[in-house]
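**Q** Give me the fold of what follows.
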Amino acid sequence: MFEQLVEKLPVGIGIVDENFLVVYLNDFFKDRLPHENRASYKDTPVTEIFSDQGKFLKRRLKSVFVLQHPSFSYWEQRPHIFPFKSSRPITGEETQMYQNMEILPVKDKSTGKKYACIFLQDVTAQASYFRTQQKLSAALKEEHEAQRKLIRKLDTAQSQLIQAEKMASTGQLAAGIAHEINNPIGFINANLDTLSQYANNLISICDGVENHVADFNDELKEQIKNLFEAQHYDLIKDDIEELLEESKAGLNRVKDIVDNLKQFSLDSTQGSQVVDLNDVATQTIKLVSTQYASHHYKVESPDEKIEITANPGMIKQALMNILLNAAQAIPDKGYVKLTLLKNNENVTIKVLDSGEGIEQKNMKRVFEPFFTTRPEGQGQGLGLSTAYTIVEKHKGKISVNSKVGKGTVVTIALPIISEAESTTAPE
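**A** Numbers count the residues shown, from 1 in each chain. The predicted model follows:
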């Protein structure tokens with residue numbers, strides 16, 4: 001009964017030996033393996049079964065075997081360790097599984113053999129809830145107030161929609177916190193560079209001792225050998241450089257995000273100004289790509305500047321909403337392309353995505369406030385309606401063409417000299 005219970009537990013349980021060969025997988029793992037691997041997984045290296053994550057798994061397993069301490073990996077650090085799907089309980093919709101992983105050292109008391117037991121937990125629901133709450137918490141109170149006013153007073157609907165969407169804009173947050181974040185980033189980066197140099201120096205010293213160990217007497221040789229083994233020098237030497245590089249890469253990504261947020265929040269004052277759409281497009285694409293990094297993004301435009309007279313903050317907001325919609329419409333991996341075209345009177349912006357597309361019955365409603373096809377809690381239905389309002393204020397036109405299963409194209413045509421005045425911007 002115990003074996004049957006372990007087989008059917010709603011968590012992944014796998015056992016690997018010191019050669020990284022799979023000894024056991026329960027149904028949670030086996031049901032998610034490719035059909036060709038389900039009958040032959042035993043005595044196969046775990047790094048071969050899950051080749052894309054092989055290097056990461058091998059490093060974690062090696063650490064557990066050498067140090068005989070548990071190893072933990074939470075979804076915030078590495079969301080998708082294994083390439084598994086998770087089904088929503090009500091809709092049945094499949095999404096990439098968010099996972100918590102724990103690896104425990106175990107020993108066979110009768111043979112003394114060491115094993116590692118992998119526990120894998122599906123935390124997709126918790127992760128989805130956390131991410132949604134994180135995005136909405138900052139604007140919840142203000143958005144609720146805006147929605148009450150929208151219901152009560154239809155003639156203020158357009159300005160309230162823009163205000164509600166602006167409150168959720170990450171660019172508004174960046175203006176106040178970018179400087180505070182950049183300060184610790186600077187000294188952490190400097191410390192990491194120094195630490196990397198120290199690590200290289202220490203490894204050079206240890207390597208020098210190893211290279212000249214033959215010159216020492218037998219007793220000293222044995223002492224040096226035991227010291228290196230006791231402190232797991234081979235593991236430290238193999239792991240320390242990669243740990244430092246991962247830390248630097250993470251720090252650089254934080255710096256890029258803060259820089260893009262800071263740029264995005266500039267020139268957001270109300271009123272008409274000369275706006276370079278090339279700069280706006282590049283900044284906005286970078287910002288969206290950090291949030292939805294699995295997609296491929298591309299900007300196509302002439303080499304020359306493409307300038308219009310418009311409210312820069314509103315134009316950025318409209319473009320941001322459309323690009324976010326495009327990225328969110330792609331379930332796994334895909335592409336988002338932004339194209340800029342110019343003639344004597346107008347500038348045309350086209351945003352093309354390879355997402356799921358929009359059903360014909362919903363095409364007439366895409367610009368309606370609060371209309372959304374996304375699951376509850378994952379969208380307010382304000383993105384395209386806000387973009388529509390902004391484009392209309394600038395005397396432009398916006399249209400959507402879509403085919404289910406193929407993708408969507410949003411086209412915006414804006415006059416080069418806009419008639420939008422600062423008095424028409426929302427208070």
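**Q** Would you mind identifying the next helix or strand past the helix or strand of the chain with the lowest mean pLDDT?
**A** Lowest on mean pLDDT, DSSP states H and E among the helices and strands of the chain sits helix 157-167, with a mean of 47. In the C-terminal direction, the helix or strand that comes right after helix 157-167 (DSSP states H and E) is helix 170-211.
**Q** Please point out which parts of the helix or strand following that following helix sit buried.
**A** Downstream of helix 170-211, the next assigned helix or strand under DSSP H and E is helix 218-230. Residues of helix 218-230 classed as buried: Ile224, Phe228 (neighbour count, 16 or more other CB atoms under 10 Å). Just so you know, the C-beta spots here come from the backbone N, C-alpha and C atoms, and that holds for glycine as well.
**Q** can you give me the angle helix 218-230 makes with helix 170-211?
**A** 160 degrees (axes from the mean of the first three to the mean of the last three CA atoms, to 10 degrees).
**Q** ok, residues contacting helix 218-230?
**A** Cys206, Val209, Glu210, Val213, Ala214, Phe216, Asp234 (CB atoms under 8 Å, 6 or more residues apart in numbering).
**Q** ok, now with 6 Å
**A** Contacts of helix 218-230 with the rest of the structure, by CB atoms under 6 Å, 6 or more residues apart in numbering, involve Val213.
**Q** Following the chain onward from it, which element is next?
**A** Assigned by DSSP H and E, the successor of helix 218-230 is helix 233-264.
**Q** C-terminal to that following helix, which secondary structure element comes first?
**A** Downstream of helix 233-264, the next assigned helix or strand under DSSP H and E is strand 273-276.
**Q** who does that following strand touch, helix- and strand-wise?
**A** strand 307-310, helix 312-328 (3 or more CB pairs under 6 Å, 6 or more residues apart in numbering; DSSP states H and E).
**Q** Mind checking the pLDDT average for that strand?
**A** When pLDDT is averaged over strand 273-276, the result is 86.
**Q** so who does the closest residue to Glu356 other than its chain neighbours touch?
**A** Counting by CB to CB, 6 or more residues apart in numbering, Glu356 lies nearest to Ala329, which is 5.7 Å off, once chain neighbours are set aside. Ala329 is in contact with Asp353, Gly355, Glu356, counting by CB under 6 Å, 6+ apart.
**Q** at 8 Å instead, please
**A** With the criterion set at CB under 8 Å, 6+ apart, Ala329 makes contact with Asp353, Gly355, Glu356, Gly357, Gly407, Thr408.
**Q** State the distance from the residue of the chain most remote from its centre to Gln223.
**A** Distance to the chain centre peaks in the chain at Asn217, reaching 55.5 Å (criterion: CA atoms, centre = their mean). Distance from Asn217 to Gln223, counting by CB to CB, to the nearest Å: 10 Å.
**Q** in the chain, which ranges drop under the pLDDT threshold?
**A** 88-92, 138, 152-179, 257-270, 369-370, 373-382, 418-427 (pLDDT under 70).
**Q** Okay, domains of it per the record?
**A** By the record's domain assignment, the chain is partitioned as 2-130, 182-256, 267-424 (automatic domain parsing).
**Q** winner for burial among those?
**A** Mean neighbour count (mean count of other CB atoms under 10 Å) peaks for domain 267-424 among those, with a mean of 18.
**Q** which ones are touching the nearest residue to Asp108 once chain neighbours are set aside?
**A** Spatial nearest neighbour of Asp108, chain neighbours left out: Tyr115 (7.0 Å); criterion: CB to CB, 6+ apart. Neighbour list for Tyr115: Ile15, Val16, Asp17, Glu18, Val23, Pro105, Val106, Lys107, Asp108 [criterion: CB under 8 Å, 6+ apart].
**Q** CA atoms of stretch 231-238 as CSV?
**A** Only the C-alpha atoms of stretch 231-238 are listed here, as CSV (Å, rounded to 0.1, in the frame of the first residue of the first chain):
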residue,chain,number,x,y,z
GLN,A,231,37.1,21.1,2.0
HIS,A,232,35.9,19.7,-1.4
TYR,A,233,38.3,21.8,-3.3
ASP,A,234,37.4,20.2,-6.7
LEU,A,235,33.7,21.2,-6.2
ILE,A,236,34.6,24.7,-5.1
LYS,A,237,36.9,25.3,-8.0
ASP,A,238,34.3,23.9,-10.5
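**Q** Give me the contact list for it.
**A** So stretch 231-238 is contacted by Lys62, Ser63, Val66, Leu67, Ile203, Cys206, Phe228 (CB under 8 Å, 6+ apart).
**Q** contacting residues around the first one?
**A** Put plainly, it is Lys62. The neighbours of Lys62, taking CB under 8 Å, 6+ apart as the test, are Leu235.
**Q** Let's see that with 10 Å instead.
**A** Going by CB atoms under 10 Å, 6 or more residues apart in numbering, Lys62 touches Glu18, Phe20, Ser71, Ala116, His232, Asp234, Leu235, Asp238, Asp239.
**Q** Go through these and name the one nearest Ile416.
**A** Asp239 (56.9 Å; CB to CB).
**Q** and Asp332, helix, strand or coil?
**A** Here Asp332 is recorded as coil under DSSP: H, G, I helix; E, B strand; the rest coil.
**Q** State the distance from it to His295.
**A** 9 Å.
**Q** likewise Phe50?
**A** 23 Å.
**Q** cool, and Asn401?
**A** 20 Å.
**Q** And for Lys395?
**A** Distance from Lys395 to His295, by CB to CB: 32 Å.
**Q** can you check Ile308 too?
**A** 27 Å.
**Q** swap in Asn200?
**A** Asn200 is 37 Å from His295, where distance means CB to CB.
**Q** what's near enough to touch the residue nearest to Glu93 when sequence neighbours are not counted?
**A** Take Glu93 and drop its neighbours on the chain: the residue closest to it by CB to CB, 6+ apart is Ser87, 7.1 Å away. Counting by CB under 10 Å, 6+ apart, Ser87 makes contact with Glu93, Glu94, Thr95, Met97, Asp122, Thr124.
**Q** can you check Ile358 too?
**A** Ile358 sits in contact with Ala329, Arg365, Val366, Thr373, Val400, Asn401, Ser402, Lys403, Val404, Gly407, Thr408, where contact means CB under 10 Å, 6+ apart.
**Q** Three-state assignment for it, please.
**A** Once three-state DSSP is applied, Ile358 turns out coil.
**Q** Distance of it relative to Thr124?
**A** The value you get for Ile358 to Thr124, if CB to CB is used, is 25 Å.
**Q** contacting residues for Leu243?
**A** Leu243 neighbours (CB under 10 Å, 6+ apart): Arg59, Ala199, Ile236.
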